[in-house]
Structures are given as C-alpha cells and as structure tokens.
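J.: next comes the sequence, and after it the predicted model I'd like to discuss.
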Amino acid sequence: MIARVTLDIALRRDFDYLIPDELVGKVEVGSRVKVPFGPREVLGAVTALVEESPHTNLRYITKVLGSRPQVTPNVLKLARWISDYYCAPLETTLRTVLPDSVRKEKEGWREQLFVRRTVPPGEMPSLTKRQREIYEFLDGKPPMPLTHLLEELHTTSATLRQMEEKHLVSINREITERDPYAEETILPTQPLPLNDDQARAFAAIRAAIDSNHAAAAAPVFLIHGVTGSGKTEVYLQSIAHALDRGKGAIVLVPEISLTPQTVERFKARFSAGPQRTLVAVLHSHLSAGERHDEWQKIRQGRARIVIGARSAIFAPVDPLGLIIVDEEHEHSYKQDETPRYNARDVAVMRGHLEKAVVALGSATPSIESFHNAQRGKYQILDMPTRADDKKMPIMRVVDLRHETRKTKGAGIAVLSVQLKEALLQRLERSEQSILFLNRRGFASSLQCPKCGHVCGCPNCSISLTYHRHAQELRCHICGHSENAPVVCPEPKCKNPAIRYAGIGTERVEALLKQELPHARLARMDSDTLKRKEDYRTILGDFRTGKIDILVGTQMIAKGLHFPNVTLVGIIYADLSLHQPDFRAGERTFQLLTQVAGRAGRGDIEGEVFVQAFSPFHPAIQYARRHDYQGFVEQELEFRQQLCYPPFARIALLTLKGRNDEKVSLSADYLKGEVQKATQEIKDLIIAGPAPSPLVRAEQFYRHQIMLRTLHTPKLAKILTELRPKLQLPEDVTLIIDIDPVNLS
C-alpha cells in the first residue's frame with residue numbers, strides 16, 4: 001500500500017511513500033506522518049491511499065503521529081475545495097485547517113504532578129504533626145496539583161515525598177487541560193418561550209436537521225432578523241435539537257470581542273441537563289496550549305459545540321449537524337492571507353459535504369446572501385420584530401455641516417448639541433450610552449496650517465494618526481511610530497502652530513471627560529485592549545453598570561446585548577462612505593443598523609443620533625427608517641448596471657514590489673498573459689491595471705487588475721495553472737484574491 005503525502009513545506013505537489021508492515025492499518029487518509037525527504041525528515045498529512053505509484057524507489061513512512069487521523073475525510077475534501085477555488089497550495093490550506101499546536105510531532109498536553117491520599121497497607125505509620133495535618137486535609141478531596149497543595153498548606157515537597165515513602169500519598173504526573181474560561185462561574189439557564197417568528201424559524205431548521213438529506217434539500221437558511229429579534233435563542237434551541245439527534249454544532253462569530261458573551265450564553269444553556277456537553281472555544285487570542293487542548297476536546301468528541309472566529313469552521317466536529325454563522329455579512333470572516341477564504345462561504349460548502357444544516361444570521365444580510373435567497377438558493381427566514389414586542393430605536397440624523405458652522409472654524413463638531421443633551425439625560429436617569437466612531441487615535445493627521453505639510457508614513461501612502469496619550473504618530477497599516485513633533489517637520493518652515501485634523505476615539509473620550517466630568521467612561525479599541533482578558537473585563541463592567549458611557553470602534557457595533565443601553569451616538573456616520581469601494585454604501589448601511597441595534601433592548605425605548613456630513617445619502621436615510629428591503633433594491637439596481645457582485649464574481653490580482661515602475665510594467669505584462677489565457681471565458685471583464693487605492697503599503701508599491709465573471713471556478717483553475725508560467729521579476733509578487741471584500 002502506498003500513501004500520498006502532502007508535506008508541510010510549500011512545494012505545491014504530493015509525494016508517494018511506502019507504508020511499512022508495522023504501520024499497515026495505522027496509516028489512514030488524514031493521518032499526520034513523519035517521512036524522509038532528502039537528508040532530513042519532515043511532517044505531512046496523508047491525502048490519499050493508492051495501490052500503485054508512477055514513481056520508483058519509494059521510501060518508507062517513518063512514523064504515524066497520534067492514534068487517529070487529525071484531518072477528517074470531509075475536512076480534507078473541504079481543504080481541497082478551498083485550494084482549488086481560492087488558488088492556494090494544498091499544504092498551505094492544511095496548515096490553516098490544523099492549528100500549529102496540533103500539527104507538531106510531540107503532543108502538546110501539559111502535565112503536572114498530582115497528589116492523592118492513599119491508604120497504607122497494614123498499620124498506620126507514625127506521623128509528624130505536619131504530616132497528620134496534610135493527611136487529614138486531603139481526606140475526601142480529589143487529586144490536587146502538587147504546586148497548589150504546597151502553596152495552600154505552606155509545606156515543602158520533601159515533606160510530601162516522605163509521606164509517599166510511607167504510602168500515605170501517591171504523587172503522579174497527569175495531564176491537565178488548559179481552559180480559558182475555567183475561572184468563570186456559569187449559572188445554568190433554561191430555554192425561553194419563542195414568539196411566532198422565532199418558532200417558525202426554529203421549526204424550519206429542526207425539520208432540516210431531522211432530514212437525512214438536509215444538505216441536498218435546503219442546506220442553507222438565511223435568518224433575516226432585526227437587531228434584538230431573538231436570533232440567539234433560535235440558535236440555542238436548534239443546537240439542542242442537533243444534540244438530541246446525536247450531532248454536534250459549530251457557531252461562528254465575527255469578532256473576538258463577541259466570544260466571551262456568546263460563550264457564556266452557550267455554556268449556561270448546555271452546562272447541565274440531558275444535552276450537557278463541553279463547549280470548546282477557538283480563536284486567535286488563545287495561547288498555543290489552550291488552542292491545543294480545546295481542539296483535542298473536539299476531536300475526542302467531549303466538546304460537541306464549538307464557538308469561535310473564522311478558523312473554527314475547520315473544527316473536527318464529527319458527526320456535524322448544524323453550522324451557524326452569526327452576523328454573516330461581516331467582512332472579518334474573510335482571511336487576508338493565503339488561503340484567502342471566506343468562512344461564510346466555506347461554511348456553506350462544509351454543510352454540503354457533511355450533509356449538515358447551515359444557518360446564516362444577520363439583521364443586515366450581505367447583498368450576495370440576500371440575492372441567493374431571492375433566487376431560491378437559500379431559504380429565507382424572516383424575523384422582522386424584536387422579541388417581547390420591544391420597539392426599534394428612534395433614529396435621528398444630525399447634519400454635521402450645520403454643527404460645524406456653529407464652532408466658527410474651531411474644528412469638527414464631535415458632539416452635537418442634541419447628542420450632548422441626550423447623554424446628560426441618560427446620566428440623570430442612570431441609563432447607559434454607547435458612542436461609536438470607527439477610527440482610533442486622537443486625530444487622523446497632524447498638519448501645518450502655514451506650509452500645508454502633513455506628517456505621513458515613510459512606508460505607506462497614508463498620513464500618520466496622532467495618539468495624544470502616548471504623544472506618538474502611528475501608521476495603522478504597517479505599525480510605524482514616531483514621536484509627535486512640536487513644530488512643523490519641514491526644515492524651511494518649523495512652524496510651532498502645527499495642529500491636528502480629524503477625530504478618533506481617543507479624542508472623543510478626552511472631550512467627554514471635559515464636557516461630562518462626572519460620567520464613568522471606558523474606551524474599547526485596539527489601543528486599549530492589550531490583554532486577552534481586557535475584552536471580558538470592560539464588557540463585564542459595562543454589564544454590571546460600572547460604566548455610564550462606552551466609546552469604541554466596530555468591536556462594539558454588533559452582537560452585544562445590554563438592556564440598560566438606551567442611547568447610541570454615531571459620531572461620524574459617513575466615514576466609511578468615502579472609501580473607493582463599490583461596497584461603501586452597503587457597509588455604511590450595515591454598520592449604522594448594527595450600531596443602532598445596541599439601543600433599546602430592555603424595557604425603555606432606545607434612541608440613536610446619527611451625525612453625518614452627508615445626511616441625505618441613501619445608505620443613511622434607509623438605515624434611519626430601518627428599511628433593509630428598500631436599500632437592497634436600489635443597491636442591486638446599481639450593482640447590476642455595473643456588473644458587480646452578486647451579478648458577477650470578482651478576482652483581484654495584485655502585484656507588489658519595492659520599485660513602482662517595475663511593478664507597473666509587470667502589471668501590464670500580467671494583463672496580456674491573462675487575456676491570452678482566458679479567451680474561452682466570454683463574459684470576463686478585465687479592469688486595469690491601475691495603482692491600488694492604497695498605492696504604497698509597508699514599503700511595497702501595489703498595482704491591481706480586477707476580473708469579473710460568473711464562471712469563477714473556471715477562472716480560478718486558469719489562474720492556478722497560469723501562475724507558475726508567469727515570468728515576473730523575482731522582487732515582484734503576485735497575490736490572487738478570489739471574492740475580495742476589500743479593494744484597497
């Protein structure tokens with residue numbers, strides 16, 4: 001028997017190895033193995049078993065890692081599909097599917113010394129006073145880590161070793177699991193009554209789970225539920241039904257900040273009762289050891305529910321009955337490095353392969369998903385009202401042009417008169433408020449009013465953001481930082497009146513401290529959240545009422561449920577409208593709707609103030625009226641006229657290098673090669689080459705070619721075959737991004 005192995009090193013091909021007699025039956029498809037390669041040994045994954053090989057002088061597999069395959073057959077099929085569709089080498093995709101901590105040769109379990117009380121044979125030996133205290137302390141207790149025992153009883157390991165010699169205790173090395181949520185107290189909860197909309201959605205999902213051909217019949221549901229409509233309760237009861245049928249579930253959330261609150265709700269529901277199971281968590285803020293242990297809980301079948309960010313879609317849940325993609329419209333589900341997969345679309349494909357039900361949930365579904373529902377590809381489940389008949393928040397649009405005139409040239413009005421008055425009212429009534437601005441830092445740039453100099457990044461074609469607390473200028477693209485100048489850096493100017501322009505969350509926080517000195521404030525952005533527990537701490541303080549006003553970026557815009565929040569202020573609503581991207585209007589509408597949905601989720605009606613310089617833009621006006629259908633209809637008309645998704649799919653080819661002219665010439669050459677290779681795709685539209693909207697990033701100049709077609713698999717195959725034939729300069733790199741969500 002011969003094993004076809006994909007090695008961990010990037011060679012873009014498989015290698016055949018003989019299976020030695022002692023490993024026959026142990027080597028399976030999906031097994032991790034160690035094999036000779038040249039003068040060394042490397043690790044890889046078995047991707048096929050064959051009877052014959054076209055190659056001669058095959059070498060033998062050296063070792064099989066683990067007692068069972070780490071890649072399940074369906075996940076391996078999924079990895080192959082990702083490689084084909086997203087033009088990525090299979091070995092790179094397999095590295096994404098399996099966490100680093102799991103792929104290593106040595107198992108990554110943590111071992112500790114545990115002490116347990118034993119009964120000595122024969123008569124009880126004589127004990128010192130200290131030994132008797134320890135022996136009595138251990139009576140009736142489970143095995144205790146040696147380090148904990150030493151610390152709690154203020155004793156020494158020598159004393160315990162003496163007790164071990166007397167057969168009073170045993171000290172053994174045992175595996176201990178690392179649980180990122182071990183210190184949290186979870187109180188069990190019961191299912192909540194469902195309203196009519198929730199009941200209809202749950203019934204449809206339940207019926208699909210019960211069907212043996214769920215994937216063929218439906219696999220995908222689009223749950224279009226307004227903010228606060230109770231989508232999470234539908235998720236919970238659907239998962240419970242899947243568990244009743246002996247199947248597991250995967251729940252994807254778009255932001256790590258949402259994970260603690262989501263995990264708490266799911267653990268509370270499944271910590272007791274007949275459907276009791278471990279809930280595993282997978283996201284990038286886990287340590288390598290925590291990720292290893294969580295993954296193993298899933299593979300061993302002890303954790304039948306998995307919650308996490310996009311990589312959790314590869315969790316080895318088997319059998320898998322249900323996949324939930326919450327906030328399915330979020331662009332954070334798209335991976336920004338090879339393989340550049342979208343976890344939402346991968347979820348749909350995995351559901352198809354596993355014959356599992358897929359539920360995509362959002363208050364503002366992506367245009368592509370909604371179009372799929374219109375065409376009958378997905379089954380739409382509408383939940384148009386809030387749970388318990390709570391009202392949607394009242395949205396008031398404030399024209400910042402008028403507010404800025406009132407400042408008489410003193411800069412942008414951060415807080416309008418109306419918003420400030422509303423904040424004061426909430427403070428008086430002990431209610432909570434959220435202020436949203438999707439830009440961190442104090443100011444977006446430092447500019448000299450005399451010569452016009454703007455402090456720019458030396459590595460990127462972007463201005464540096466001013467962070468006042470650290471007195472630094474920082475680039476949010478490459479991470480470059482430098483001390484903020486006190487005079488204009490231009491040698492011939494040196495004007496001491498250099499000033500900042502634009503606003504960020506740090507400036508909003510500073511202004512609130514000045515305007516509302518008695519308010520208890522907190523800020524949530526990537527500058528304030530440095531440790532993995534910071535998310536939990538701030539959200540916990542906000543939930544318990546220790547914070548009056550929470551200021552933050554998009555990480556506070558979605559999925560959070562705080563019943564005492566009655567006011568949301570959107571500081572600069574049309575910030576995302578100015579991006580050179582055909583999705584700018586869609587993103588703005590989604591963001592406004594999601595942020596507004598944080599208000600009025602309790603007994604008091606919510607109010608939202610939307611501050612904008614373009615108050616009459618359709619995205620803002622449709623969001624103000626909570627009119628998703630109206631927005632989608634006009635957006636689809638615009639997309640169809642220009643042949644943009646969902647009426648075509650996009651492949652974005654980006655060339656980057658340190659020499660702008662060389663990159664530009666390479667882009668012209670690439671376009672010619674693509675034109676010759678794609679003549680059979682009749683509907684293909686080629687735009688460019690042209691400089692990227694962000695032409696220089698991290699010292700690399702970038703030029704792009706955009707391809708639009710409905711025949712994406714065919715295009716992906718052509719691009720994959722064309723890539724190794726291209727004669728590009730060594731210092732110019734080609735990036736192929738299928739279905740990009742960011743065009744900059």
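T.: Thanks, I have it.

J.: which helix or strand in this protein has the lowest average pLDDT?
T.: For the chain, counting by mean pLDDT, DSSP states H and E, helix 214-217 ranks last in confidence among helices and strands (a mean of 44).

J.: who does the following helix or strand past it pair with, and is each partner parallel or antiparallel?
T.: Counting by DSSP states H and E, the next helix or strand C-terminal to helix 214-217 is strand 220-225. Sheet pairing here is set by DSSP bridges, and for strand 220-225 it gives strand 357-362 (parallel), strand 379-383 (parallel).

J.: just the mean pLDDT for strand 220-225, thanks.
T.: For strand 220-225, the per-residue pLDDT values average out at 94.

J.: what is whatever helix or strand comes next after that strand packed up against?
T.: With elements assigned by DSSP H and E, the helix or strand that comes after strand 220-225 is helix 231-244. Packing contacts for helix 231-244, counted by 3 or more C-beta pairs under 8 Å, 6 or more residues apart in numbering; DSSP states H and E, involve helix 196-210, strand 220-225, strand 248-252, helix 259-270, strand 303-308, strand 320-326, strand 357-362. All C-beta atoms are positioned from the backbone trio N, CA, C, and that covers glycine.

J.: how far away from the center of its chain is the first one?
T.: From the chain centre to the centre of helix 196-210 is a distance of 27 Å (C-alpha atoms, centre = their mean, to the nearest Å).

J.: stretch 99-106 too?
T.: 22 Å.

J.: what's the answer for stretch 298-311, then?
T.: In this view, stretch 298-311 has its centroid 15 Å away from the chain centroid, taken as C-alpha atoms, centre = their mean.

J.: same check, this time on stretch 255-269
T.: 14 Å.

J.: hey, C-alpha coordinates of that stretch in PDB?
T.: These are the backbone C-alpha positions of stretch 255-269, laid out as PDB (Å, rounded to 0.1, in the frame of the first residue of the first chain):
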ATOM      1  CA  GLU A 255     -15.300  39.400  16.400                       C
ATOM      2  CA  ILE A 256     -13.200  38.000  19.300                       C
ATOM      3  CA  SER A 257     -14.900  40.600  21.500                       C
ATOM      4  CA  LEU A 258     -18.200  38.800  21.000                       C
ATOM      5  CA  THR A 259     -16.800  35.500  22.000                       C
ATOM      6  CA  PRO A 260     -16.900  35.800  25.800                       C
ATOM      7  CA  GLN A 261     -20.600  36.900  25.900                       C
ATOM      8  CA  THR A 262     -21.500  34.200  23.400                       C
ATOM      9  CA  VAL A 263     -19.600  31.500  25.200                       C
ATOM     10  CA  GLU A 264     -21.200  32.500  28.500                       C
ATOM     11  CA  ARG A 265     -24.700  32.100  27.000                       C
ATOM     12  CA  PHE A 266     -24.000  28.800  25.300                       C
ATOM     13  CA  LYS A 267     -22.200  27.300  28.300                       C
ATOM     14  CA  ALA A 268     -25.100  28.400  30.600                       C
ATOM     15  CA  ARG A 269     -27.600  26.500  28.300                       C
END
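
J.: how about low-confidence regions in this structure?
T.: Counting by pLDDT under 70, the ranges of the chain that qualify are 108, 181-183, 212-218, 257-259, 407-412, 532, 559.

J.: relative to its centroid, which residue of it is most remote?
T.: Relative to the mean C-alpha coordinate of the chain, counting by C-alpha atoms, centre = their mean, the farthest residue is Glu123 (61.0 Å).

J.: which of the three states applies to that one?
T.: Under DSSP: H, G, I helix; E, B strand; the rest coil, Glu123 falls in the coil class.

J.: now swap in Arg173 and tell me
T.: Going by three-state DSSP: Arg173 is strand.

J.: from Thr118, how far out is it?
T.: In this structure, Arg173 and Thr118 are separated by 16 Å, where distance is defined by C-beta to C-beta, to the nearest Å.

J.: do the same with Gln261
T.: The gap separating Gln261 from Thr118 is 44 Å, by C-beta to C-beta.

J.: what about those two, which has more around it?
T.: Between Gln261 and Thr118, counting by other C-beta atoms under 10 Å, Gln261 is the more crowded of the two (20 against 15).

J.: list the buried residues in stretch 284-304.
T.: Of the residues in stretch 284-304, those buried by neighbour count under the rule 16 or more other C-beta atoms under 10 Å are 285-286, 290-299, 303-304.

J.: what's the longest helix in this protein?
T.: When the chain is parsed with DSSP state H, its longest helix is helix 660-677.

J.: gap between that helix and the chain center?
T.: 34 Å.

J.: now do that helix: which elements does it pack against?
T.: Helices and strands in packing contact with helix 660-677 are listed as strand 649-657, strand 685-697, strand 700-709, helix 712-722; criterion 3+ C-beta pairs under 8 Å, 6+ apart.

J.: of all these, which lies closest to Met383?
T.: Closest to Met383 of the helices and strands packed on helix 660-677, according to C-beta to C-beta: strand 649-657, at 29.1 Å.

J.: ok, the closest one: who's next to it in the sheet?
T.: Next to strand 649-657 in the sheet, as set by DSSP bridges, lie strand 700-709 (antiparallel), strand 733-738 (antiparallel).

J.: out of these, indicate the one that is most buried.
T.: Across the strands paired with strand 649-657, the average number of neighbours (mean count of other C-beta atoms under 10 Å) peaks for strand 700-709, which reaches a mean of 21.

J.: angle of it against strand 685-697?
T.: On the basis of axes from the mean of the first three to the mean of the last three C-alpha atoms, to 10 degrees, strand 700-709 is oriented at 160 degrees to strand 685-697.

J.: wait, what's in contact with Ala343?
T.: Neighbouring residues of Ala343 by C-beta atoms under 8 Å, 6 or more residues apart in numbering: Leu252, Ala309, Arg310, Ser311, Ile313, Val325, Tyr333, Lys334, Gln335.

J.: picking up where we left off before, the strands paired with strand 649-657: which one's closest to Gly540?
T.: Smallest distance to Gly540 across those (C-beta to C-beta): 38.0 Å, for strand 733-738.
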